[in-house]
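> Sequence and computational prediction follow.
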Amino acid sequence: MRIDIITVLPGLLEGPFSHSILKRAEDKGLASVKVHDLRGYGIGKQKSVDDYAFGGGAGMVMMIEPIAKCIEVLKKERDYDEVIYMTPDGLTFDQSMANSLSLRENLIILCGHYKGVDERVRQHLITKEVSIGDFVLSGGELAAAVVTDAIIRLLPGVLNDETSALTDSFQDGLLAPPVYTRPASYKGWEVPEVLLSGHAANIESWRFDESVRRTKERRPDLMEGDISLGNGDSTTER
Ligand code: 6GU
């Protein structure tokens with residue numbers, strides 16, 4: 001999978017993809033993330049990428065030409081499944097969106113800044129608008145990093161058995177159960193007996209019950225409609 005991120009602040013995206021799981025995915029050739037500095041496509045001597053809003057009002061607007069040029073150059077190299085615009089008024093990102101985007105081959109992610117992009121970019125060049133929640137960030141870069149991380153860790157071969165995405169919170173519509181490691185007793189704080197029993201079926205059943213209990217308690221919204229399985233986005237059978 002290939003992800004091309006377009007931004008006016010490429011420095012913000014240098015860190016996240018050169019570490020840990022994302023780095024390993026790149027090293028294994030499973031994912032390639034390329035960051036493009038929009039200023040390279042800026043207009044005039046100043047390499048401008050934004051301008052005042054028609055009709056007035058505070059804040060600059062990202063111009064259509066640098067964005068269109070950058071996307072055009074990328075599209076000459078390969079076909080893209082989606083051109084995503086990161087914006088707080090987009091569709092809220094969740095695990096099911098991560099799952100479906102992880103099945104795509106090539107994605108462009110455009111990071112919004114200032115007062116956003118010229119509306120014609122959204123109308124004509126963007127195929128999907130994504131937010132990561134109901135709060136406002138100073139730019140789309142950190143949101144793009146969040147989305148990219150959530151997608152890449154789902155690609156086959158990126159995670160090993162120990163880190164398998166199949167047991168993630170949300171992957172079956174439930175929160176993940178509690179986990180413990182050694183020591184079995186710390187200052188009298190004990191690990192639940194069943195986890196030390198070696199009885200696989202009992203452990204599985206305890207984990208399921210804990211997942212349900214935790215979800216009911218913390219995220220009752222995920223349980224709506226189906227008290228046994230959550231939101232119906234199940235990709236694994238219990
Ligand atoms: Cl995608 N961008 C910005 N600027 N703020 C956000 C967001 C995106 N998602 C939540 N807040």
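Thanks, I have it.

> interface residues of the protein facing the ligand?
86-88, 112, 131-133, 135-137, 139-140, 143 (Cβ under 6 Å from any ligand atom). All C-beta atoms are positioned from the backbone trio N, CA, C, and that covers glycine.

> and the residues you listed as JSON lines, adding distance to Tyr41?
Formatted as JSON lines, those follow (distance: Cβ to Cβ, whole Å):
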{"residue": "Met86", "distance to Tyr41": "18"}
{"residue": "Thr87", "distance to Tyr41": "20"}
{"residue": "Pro88", "distance to Tyr41": "24"}
{"residue": "Gly112", "distance to Tyr41": "16"}
{"residue": "Ser131", "distance to Tyr41": "25"}
{"residue": "Ile132", "distance to Tyr41": "26"}
{"residue": "Gly133", "distance to Tyr41": "30"}
{"residue": "Phe135", "distance to Tyr41": "30"}
{"residue": "Val136", "distance to Tyr41": "26"}
{"residue": "Leu137", "distance to Tyr41": "23"}
{"residue": "Gly139", "distance to Tyr41": "17"}
{"residue": "Gly140", "distance to Tyr41": "17"}
{"residue": "Ala143", "distance to Tyr41": "21"}
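
> Among those, name the least confidently predicted one.
pLDDT is lowest at Gly112 among the residues of the chain next to the ligand; the value there is 92.

> Out of the residues of the chain next to the ligand, which sit inside strands?
Judged by DSSP state E, the subset of those located in strands is 86-88, 131.

> Any chance of those residues in JSON lines with neighbour count and distance to Pro156 as columns?
Shown next, in JSON lines, are these (neighbours: other Cβ atoms under 10 Å; distance: Cβ to Cβ, whole Å):
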{"residue": "Met86", "neighbour count": "28", "distance to Pro156": "26"}
{"residue": "Thr87", "neighbour count": "19", "distance to Pro156": "30"}
{"residue": "Pro88", "neighbour count": "18", "distance to Pro156": "32"}
{"residue": "Ser131", "neighbour count": "20", "distance to Pro156": "28"}
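
> Report the two of these separated the most.
The span of these, defined through Cβ to Cβ, is set by Met86 and Pro88 at 8.7 Å.
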